[in-house]
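# Give me the fold of what follows.
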Amino acid sequence: MSANGRVTLGVLLDSLGAEAVTALCLPSGRQTLVGAPVIYGPDEPMTTFDGALALVTGKPTVAALDRAAAAGAAAVVVRAGMVGPEPLTEAAEAAGIALLEAAPGLSWGQLYALVDALLAVVAPAADLGGGRAADLFALANQVAARVSGAVTIEDLAMRVLAYSTVGGQQIDDLRREGILGRRVPEHPTNAEEYAAVLRADEAVWSYEPREFFPRLAIAVRARGEALGTIWVLQADSPLAPDAASVLAEAARTAAPHLARISLAADEARRKRDEWLGWLLRGVGPVEELATSFGLRPDEPVSVVTVGTRQAGPGAARGTTDIFAATHAGDLLRTAYAAYRVRAAVGAVDGRAYAVVAADSTAPLLRRITADTLGQIADRLGGQWRAGIGRTVASVAQAPLSARQADEALRAMCGPFADGEVGGHEELAAALFLMDVAASMRTSPALLGKPLSLVAEHDAKHGTDYLHSLRIWLAVHYDVPRAAETLSLHPNTLRYRLRRIGELIALDDPDTRLVLALQLRLGEARACGTNTGE
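This next block holds a predicted model:
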């Protein structure tokens, strides 16, 4: 069924279903092995594809198909309706390359993720000695046909391992998003609903979230240990009367497959994350480690780290639980690979890290990372941020870029930086302010003179000098602009400033600097934001 991380075209077509991709031409039949997907523009230069699945964007041409075949691609996928299929089909037959057609409503990124997920499910189990992980897709279809409802099979991290593709069965947005995102979307009811399924010894109904179809679900166990779950959706028509017993039978059938997949995935992920940790710490054979991730040891790289923004005293900035960090890393890896950005990606110490063969200031790197943060937030919830270290000359210097990426993430999670993605080179001011705030957290000077003199006057006389000062300092002492913001006449503001000048030495540049720091750091303190690690 699979070999060296590949699947047959038959498995790919049956697993993804006609709603995702259909065959136009299979010169060598359904047993042809295809490997990792590659998104390819029809006018881009070709490199060696080595059995890859080429996803050809834009308007495909016969010349592009011929180049893909010459470069070693096993199959080419084109968008339905872009061109008439006859010339391409004839060219595919002549070149001996399979030609597939993607559904019009499916983006290239979504199709890439679906194929990548299929390879992730099939290849690990095969590597453990004959496990037929692709049988999970066949099992899902068998159950769906018997119970008359769409089926998904998931692991304990709510990752979708397989799903049914029986035609004509209704689905809802929750199932659709779960398949396209490879994981069940985040919802406040998830924890309780999944806990109820895992506690039960037989199939149970789940009616949350209420806005979607109800589901009948059962836990998959081996020797009493939970390995995952099977869910069947009940749409407008009721499920078969024996649906619960069919699910129980399916859970027993799925158990050995999930056990092998879990073992292989855990071992592969543990090894990958361990090796990535070595790279980030400068431990181990750098050249071998770099090569194992598809990086060249002597090429420039930048380190990206991703974590959650957490507020509150003592909160560790950027860290998260291992499941969230792992899933964030999976999404980041898929996104970079989809754009053919080579990267070593994994989860280390509660954060997702990537050693990327790209310049830290490259707009494409920033855009891919920002888009992925949105996907992570949609799937896991929370406020996700990314820090990027400076570009270093070789993989051996990745530890330096990693430390800078950690610092950049700390700044992006703090009160002095805006946006979602930030590079170390542009965050010097935010990092300085965070360090100052941390050093002064318990110091009375933060609320002392000269700021306290103005605050005491406001409290005693009912004035609002502090607000006027804050606005005036924010616009760099521009009285007309500050007056406009305050809805005052400029002369009124000048009068206020003269009165403030009677309380403190407002013309002194050092006084202005201290006032600006006290006000800026005080805002962060008032918001209850932790400014240190």
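# Going by C-alpha atoms from here, please, whenever you check contacts or count neighbours.
Noted.
# what about stretch 213-230, distance to the chain center?
26 Å (Cα atoms, centre = their mean, to the nearest Å).
# Please read the previous query as pertaining to stretch 162-174.
The chain centroid and the centroid of stretch 162-174 are separated by 24 Å under Cα atoms, centre = their mean.
# Let me know the average pLDDT across that stretch.
Taken as a whole, stretch 162-174 has a mean pLDDT of 85.
# mind checking the SS state of the closest residue to Leu216 other than its chain neighbours?
Among residues not flanking Leu216 along the chain, Trp205 sits closest, at 4.5 Å (Cα to Cα, 6 or more residues apart in numbering). Recorded secondary structure, Trp205: strand (DSSP: H, G, I helix; E, B strand; the rest coil).
# And Leu239, by the same measure?
Strictly by three-state DSSP, Leu239 counts as coil.
# Centre of this structure to the edge, which residue is at the far end?
Glu502 (55.0 Å; Cα atoms, centre = their mean).
# C-terminal to the helix or strand where Leu289 lies, which secondary structure element comes first?
Secondary structure assignment for Leu289, by DSSP states H and E: helix 286-292. The first helix or strand that comes after helix 286-292 along the chain, using DSSP H and E, is strand 302-308.
# now the following helix or strand past that next one and strand 302-308, what's the angle there?
Per DSSP H and E, the first helix or strand lying C-terminal to strand 302-308 is helix 322-338. Calculated by axes from the mean of the first three to the mean of the last three Cα atoms, to 10 degrees, helix 322-338 forms an angle of 140 degrees with strand 302-308.
# The helix or strand just after helix 322-338 - what's its average pLDDT?
Note on helix 322-338: by DSSP H and E, the next helix or strand toward the C-terminus is strand 343-348. Averaging pLDDT along strand 343-348 yields 91.
# From the chain's centre, how far out is strand 343-348? Work that out for me.
Worked out by Cα atoms, centre = their mean, strand 343-348 lies 12 Å from the chain centre.
# Would you give the sheet partners of it, along with the direction of each?
Strand 343-348 sits in its sheet next to strand 351-356 (antiparallel), going by DSSP bridges.
# Can I get the helix or strand following the strand it pairs with as PDB, trimmed to CA atoms?
As assigned by DSSP H and E, the chain's next helix or strand after strand 351-356 is helix 363-380. The C-alpha coordinates for helix 363-380 follow below in PDB (Å, rounded to 0.1, in the frame of the first residue of the first chain):
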ATOM      1  CA  PRO A 363       8.400  39.200   3.100                       C
ATOM      2  CA  LEU A 364       7.400  35.700   2.000                       C
ATOM      3  CA  LEU A 365       8.600  34.200   5.300                       C
ATOM      4  CA  ARG A 366       6.700  36.800   7.300                       C
ATOM      5  CA  ARG A 367       3.600  36.300   5.300                       C
ATOM      6  CA  ILE A 368       3.600  32.500   5.500                       C
ATOM      7  CA  THR A 369       4.300  32.600   9.300                       C
ATOM      8  CA  ALA A 370       1.500  35.200   9.900                       C
ATOM      9  CA  ASP A 371      -1.000  33.200   7.900                       C
ATOM     10  CA  THR A 372      -0.100  30.100   9.800                       C
ATOM     11  CA  LEU A 373      -0.600  31.800  13.100                       C
ATOM     12  CA  GLY A 374      -4.200  32.500  12.000                       C
ATOM     13  CA  GLN A 375      -4.700  28.800  11.300                       C
ATOM     14  CA  ILE A 376      -3.200  27.800  14.600                       C
ATOM     15  CA  ALA A 377      -5.500  30.200  16.500                       C
ATOM     16  CA  ASP A 378      -8.500  28.900  14.500                       C
ATOM     17  CA  ARG A 379      -7.700  25.400  15.500                       C
ATOM     18  CA  LEU A 380      -6.400  25.800  19.100                       C
END
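# If we go by neighbour counts, what in helix 363-380 is buried?
Going by neighbour count (16 or more other Cα atoms under 10 Å), the buried part of helix 363-380 is 365-366, 368-370, 372-380.
# And those, which two are furthest apart?
Pairwise distances across the buried residues of helix 363-380 (Cα to Cα) peak at 22.0 Å, for the pair Leu365 and Leu380.
# neighbouring contacts of the helix holding Leu289?
275-276, 279, 296-297, 395-396 (Cα atoms under 8 Å, 6 or more residues apart in numbering).
# Buried members of these into PyMOL, please.
Restricted to buried positions by 16+ other Cα under 10 Å, the PyMOL selection for the contacts of helix 286-292 reads:
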select buried, resi 275+276+279+296+297+395+396
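# Out of the contacts of helix 286-292, name the ones that lie in strands.
In this view, the contacts of helix 286-292 have no member that belongs to strands under DSSP state E.
# Phi first, then psi, for His476.
Per-residue torsions, His476: phi 60, psi 50 (degrees, to the nearest 10).
# show me where pLDDT drops low in the stretch 251-400 of the chain?
Where the stretch 251-400 of the chain drops to pLDDT under 70, the residues are 262-268, 310-320.
# ok so, going back, I'd like the buried residues of helix 363-380 as CSV, with distance to His467 appended.
As requested, those are arranged in CSV below (distance: Cα to Cα, whole Å):
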residue, distance to His467
Leu365, 40
Arg366, 36
Ile368, 40
Thr369, 38
Ala370, 35
Thr372, 39
Leu373, 36
Gly374, 35
Gln375, 39
Ile376, 38
Ala377, 35
Asp378, 38
Arg379, 40
Leu380, 39
